[in-house]
Each structure stands twice: as structure tokens, then as C-alpha cells.
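# I would like to see how this sequence folds:
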Amino acid sequence: MKVKNIVYIAMFVAIISIMAQIQIPLPGGVPMTLQSWGIVLSGLILGKKNGSIAALVYITLGAIGVPIFTGMNAGMAAVLGPTGGFIFSFPIMAFFSGIFKESTKIYMPFVGVFIGVLINFAFGMIQFSFVTNNSFIVSFSIAVLPFLFGALLQIISLPMLARLINTSLAKSGITI
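Numbers count the residues shown, from 1 in each chain. Coordinates of the predicted model:
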């Protein structure tokens with residue numbers, strides 16, 4: 001792996017870590033954050049491989065105790081807790097967000113982000129349900145329903161933002 005790719009991955013780990021701290025606490029225990037936005041952007045800008053690596057590095061750092069998860073949390077308790085399913089899905093979310101980065105069809109990045117968001121919701125809801133001992137319906141209402149509007153914004157806006165960023169980088173002679 002080239003040094004520049006390692007630097008880009010590290011930059012996105014930092015971006016995701018910062019975005020995880022921007023949060024709105026919700027009554028069900030699953031806060032609204034911009035963390036997943038950083039994950040999606042890592043895939044859209046770095047591509048499926050390096051975006052997924054950035055997500056894996058982020059998870060690894062948080063799991064070993066670096067306080068980078070939402071609310072400056074860290075450790076295996078955060079990963080195995082009620083919201084850990086969302087965290088586990090991040091590499092897959094980044095992969096699907098980046099899978100169509102090179103597609104010539106303008107709608108494909110939107111499809112990739114949509115698939116990534118669905119996987120994120122599925123992992124998050126399933127782990128939330130098991131850890132909290134709630135039914136899937138209750139877990140859906142707490143861990144998914146409040147986030148649907150934000151997910152729609154992600155699906156619509158992030159591929160367009162990433163396209164602008166990637167175009168600007170290319171015009172500046174920066175290749176990712």
C-alpha cells in the first residue's frame with residue numbers, strides 16, 4: 001500500500017472520529033450522529049477498499065480503548081453494546097458506498113449508499129434488539145425509525161457532495 005493511501009485512510013479515520021462527536025441524544029439510547037456520514041464519504045471518496053479499511057481502523061482504535069466513538073466512548077463495551085451493530089456494519093457500509101465510485105452511470109453511487117444504509121440499519125437494529133431484549137418492532141421504532149429522514153438525506157446528498165470533492169481533487173491533480 002502506498003504512503004499516500006495510508007495518509008488518506010488516516011485522514012478519514014480522523015474525520016469519522018470528529019463526526020462521531022456531533023450528536024443529538026434521543027430518548028431510546030441511540031443518538032443521532034454524523035458518524036455514518038463520515039463512513040459513507042470514506043467509501044465514496046476513497047473507494048470500496050480504502051473506505052472499508054478506514055472504517056476497520058476506526059473500529060479497531062475504538063475497540064482497543066481510544067475514545068473516538070460517539071460521546072468519546074471506547075472499548076469492547078461500546079462495540080458489544082446496544083449500538084454496536086451500527087459500528088460492526090461500518091466497513092460493509094463503506095464498501096457498498098464506494099463500490100460504484102468508478103461507475104459511469106451517475107445513479108450507481110446513490111444505489112451503493114442506499115444498500116450501505118440498509119445494511120447499517122439491519123445490523124444496528126438486530127444487535128440493539130438482542131442486547132436490549134426488545135422485539136424487532138420496538139427496536140425498529142427506537143434504532144431505525146428516528147433516523148430514516150437523515151438516511152434519506154445521506155442517500156441523496158452525499159453522492160453529490162463526493163462527486164464535487166472528487167472532481168475538485170482531480171482538477172487539483174490529487175489522485176485518490
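# give me the number of residues near Pro82?
21 (other CB atoms under 10 Å). Bear in mind the C-beta positions are built from the backbone N, C-alpha and C, glycine included.
# Could you report the distance from it to Gly98?
The gap separating Pro82 from Gly98 is 28 Å, by CB to CB, to the nearest Å.
# Ser17 now?
19 Å.
# List the buried residues of stretch 107-125.
109-117, 119-121, 123-125 (16 or more other CB atoms under 10 Å).
# Can you tell me the element Leu26 falls in?
Under DSSP states H and E, no helix or strand contains Leu26.
# That one reaches Pro146, doesn't it?
Yes: shown here, Leu26 and Pro146 form a contact pair, counting by CB atoms under 8 Å, at 5.8 Å.
# list the residues that contact both of those two?
With contacts defined as CB atoms under 8 Å, 6 or more residues apart in numbering, the residues shared by Leu26 and Pro146 are Met32.
# Of the two, which one has the most company?
Neighbour count, other CB under 10 Å: between Leu26 and Pro146, Pro146 has more, with 16 against 13.
# give the contact list for the more buried one.
Leu26, Gly28, Val30, Met32.
# out of those, which is most surrounded?
Using other CB under 10 Å as the neighbour test, these are led by Val30, with 21 neighbours.
# so what's that one up against?
Applying CB under 8 Å, 6+ apart, the residues near Val30 are Pro82, Thr83, Phe86, Gly124, Phe128, Ile142, Ala143, Pro146, Phe147.
# try 10 Å
Going by CB atoms under 10 Å, 6 or more residues apart in numbering, Val30 touches 70, 82-83, 86, 124-125, 128, 139, 142-144, 146-147.
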